[in-house]
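Colleague: just the structure for this:
(chains A, B, C and D, ligands or ions: 4)
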There are 2 protein chains.
Amino acid sequence: MSRPCHHNHQEPIKLDDLTERLREKSQKITGPRQAILEVMRREAHPVTNKKIMALLPDGVCDLVTVYRSMHLLEKMGLVRRFDFGDGAARFELVRGNSEDHHHHLICTECTTVVEIEQCFPNALEKQISQESGFKKLSHKLEFFGICPECQS
Amino acid sequence: MSRPCHHNHQEPIKLDDLTERLREKSQKITGPRQAILEVMRREAHPVTNKKIMALLPDGVCDLVTVYRSMHLLEKMGLVRRFDFGDGAARFELVRGNSEDHHHHLICTECTTVVEIEQCFPNALEKQISQESGFKKLSHKLEFFGICPECQS
DNA sequence: GCCTTATTGCAAATGATTTGCATAAGGAGG
DNA sequence: CCTCCTTATGCAAATCATTTGCAATAAGGC
Ligand SMILES: [Mn+2]
Ligand SMILES: [Mn+2]
Ligand SMILES: [Zn+2]
Ligand SMILES: [Zn+2]
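Modeller: Numbers count the residues shown, from 1 in each chain, chains lettered A, B, ... in the order given. Ligands and ions are numbered 1, 2, ... in the order given. Reported below is the predicted structural model:
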């Protein structure tokens, strides 16, 4: 069983947040962008551009617009990009503190995804930074395995 | 400064290893495969197919053959695949115990690579396995940062 | 409403990786 | 060595995700 979720899954101010931040940069609040954010809010796990497109009401916009919008939302820090190792990028809405980050556990059989709260220990990352002389360390970490369903 | 390297960088039996394993599966010991392995032995860090192709003596083989060979070597456990987040797969020769694995620290400015010995704590991975019910856990982990050279 | 500027759609370009298929080259057996 | 069967390779073309160019369109400040 998994522990209580630490992420803030209900945060109704996201659309306003978008509006606000877009205005600051004199970017426009368009139908596609709002619709995409609506889709992202409903998703519990990272989704691909293609999937986002499919979840959008018919005719909202072109796939290219989804790509461009995700780049924008990523740059604005509203979504985060993940890589599950199949060639397609996935995005997840950033909820709560944008400093936080988390990882995933993906079933290699059925691609079921579980949100993971454990993270690479900060002390170890600091050690790596010191030993290497590198600054501004970050990491990409995802877990793979076989889910209960697929173990039969 | 980095610590003494724990990897077995001089292991002259690799080609025979290849020969042996290939024979077992009635696969052929071809020029391209031997040449590619020679290239891989000289590389300290993961390299892309394109780079391998460039490091090969002229006319050894086609890029497609490099792709196919790397798939084979990977399946045979002689090389391991890495993903540094730019769309190209990278491969590194497996030296020493094939159970071992390690990670990398990549400079986001100049793509300098440092081999990292720290790994995600086994205890934590076990905990994740128990909490999720997933089996056969593994993980993909790479670090990013700015190298000393690029910090100016 | 008007005007400037950002945004979109659509077609086409990219780049990495894969596939189809006819030809070439291993290597077991003689 | 020579033969034969099977695996490997080259080359061209196909895929797939993602990006770009450009003309047409929509936002939103005034
Ligand atoms: Mn998540
Ligand atoms: Mn390495
Ligand atoms: Zn599963
Ligand atoms: Zn650097």
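Colleague: from the middle of its chain, how far away would the lowest-mean-pLDDT helix or strand in chain A be?
Modeller: Of all helical and strand segments in chain A, the minimum by mean pLDDT, DSSP states H and E falls on helix A:14-24, at a mean of 78. How far helix A:14-24 lies from its chain's middle: 18 Å, per C-alpha atoms, centre = their mean, to the nearest Å.
Colleague: counting by contacts, list what it packs against.
Modeller: helix A:31-42 (3 or more C-beta pairs under 8 Å, 6 or more residues apart in numbering or on different chains; DSSP states H and E). C-beta: built from backbone N, CA, C; applies to glycine.
Colleague: recalculate using a threshold of 10 Å.
Modeller: In terms of contacts (3 or more C-beta pairs under 10 Å, 6 or more residues apart in numbering or on different chains; DSSP states H and E), helix A:14-24 is packed against helix A:31-42, helix A:63-75.
Colleague: the residue minimising distance to the centre of chain A: what's it in contact with?
Modeller: In chain A, the residue lying closest to the centroid (C-alpha atoms, centre = their mean) is A:Glu92, at 2.2 Å. Contacts for A:Glu92 (C-beta atoms under 10 Å, 6 or more residues apart in numbering or on different chains) come out as A:7, A:40, A:43-47, A:79-82, A:102, A:104, A:113, A:115.
Colleague: which of the residues in the helix or strand hosting it are buried?
Modeller: Element membership of A:Glu92 [criterion: DSSP states H and E] is strand A:89-93. The neighbour-count check on strand A:89-93 (16 or more other C-beta atoms under 10 Å in any protein chain shown) flags A:89-93 as buried.
Colleague: just curious, which of these is nearest to A:Arg21?
Modeller: Among the buried residues of strand A:89-93, A:Leu93 lies closest to A:Arg21 (C-beta to C-beta), at 14.0 Å.
Colleague: enumerate the residues of chain A near ligand 1.
Modeller: For chain A, the residues in contact with ligand 1 (C-beta under 5 Å from the ion) are A:92, A:115.
Colleague: from chain A, which residue is nearest to ligand 4?
Modeller: Of all residues in chain A, the one sitting closest to ligand 4 is A:Phe134 (8.3 Å; C-beta to the ion).
Colleague: how near is that residue to A:Leu72?
Modeller: Counting by C-beta to C-beta, to the nearest Å, the gap from A:Phe134 to A:Leu72 is 29 Å.
Colleague: over to A:Lys28?
Modeller: The separation that A:Lys28 has from A:Leu72, given C-beta to C-beta, amounts to 10 Å.
Colleague: any common contacting residues for those two?
Modeller: Residues touching both A:Lys28 and A:Leu72 (C-beta under 10 Å, 6+ apart): A:Leu22.
Colleague: and the two? which has more neighbours close in?
Modeller: Higher neighbour count among A:Lys28 and A:Leu72: A:Leu72, with 17 against 8, using other C-beta atoms under 10 Å in any protein chain shown.
Colleague: what sits against that one?
Modeller: So A:Leu72 contacts A:18, A:22, A:25, A:27, A:33, A:36, A:78-79 (C-beta under 10 Å, 6+ apart).
Colleague: make TSV out of those residues and add distance to ligand 3.
Modeller: Below are those laid out as TSV (distance: C-beta to the ion, whole Å):
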residue	distance to ligand 3
A:Leu18	34
A:Leu22	38
A:Lys25	41
A:Gln27	40
A:Arg33	33
A:Ile36	28
A:Leu78	30
A:Val79	25
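Colleague: now the buried members of those.
Modeller: Counted by 16+ other C-beta under 10 Å, these give A:18, A:22, A:33, A:36, A:78-79 as buried.
Colleague: those: which two are farthest apart?
Modeller: Farthest pair in the buried ones among the contacts of A:Leu72, by C-beta to C-beta: A:Leu22 and A:Val79, 13.8 Å.
Colleague: anything in contact with each of those two?
Modeller: Common neighbours of A:Leu22 and A:Val79, using C-beta under 10 Å, 6+ apart, are A:72-73.
Colleague: got the angle between the strand ranked longest in chain A and strand B:135-146?
Modeller: Counting residues, the longest strand found in chain A (DSSP state E) is strand A:135-146. Computed with axes from the mean of the first three to the mean of the last three C-alpha atoms, to 10 degrees, the direction of strand A:135-146 lies at 160 degrees from that of strand B:135-146.
Colleague: now strand A:135-146 - C-alpha only, PDB.
Modeller: Provided in PDB are the C-alpha atoms of strand A:135-146 (Å, rounded to 0.1, in the frame of the first residue of the first chain):
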ATOM      1  CA  LYS A 135      27.400  23.100  -9.400                       C
ATOM      2  CA  LYS A 136      23.600  23.400  -9.700                       C
ATOM      3  CA  LEU A 137      23.100  19.600  -9.500                       C
ATOM      4  CA  SER A 138      19.900  18.000 -10.400                       C
ATOM      5  CA  HIS A 139      18.900  14.500 -11.400                       C
ATOM      6  CA  LYS A 140      16.500  12.500 -13.500                       C
ATOM      7  CA  LEU A 141      15.400   9.300 -11.800                       C
ATOM      8  CA  GLU A 142      12.700   6.800 -12.700                       C
ATOM      9  CA  PHE A 143      12.000   3.300 -11.500                       C
ATOM     10  CA  PHE A 144      11.000   0.300 -13.500                       C
ATOM     11  CA  GLY A 145       9.500  -3.000 -12.400                       C
ATOM     12  CA  ILE A 146       6.600  -5.400 -12.800                       C
END
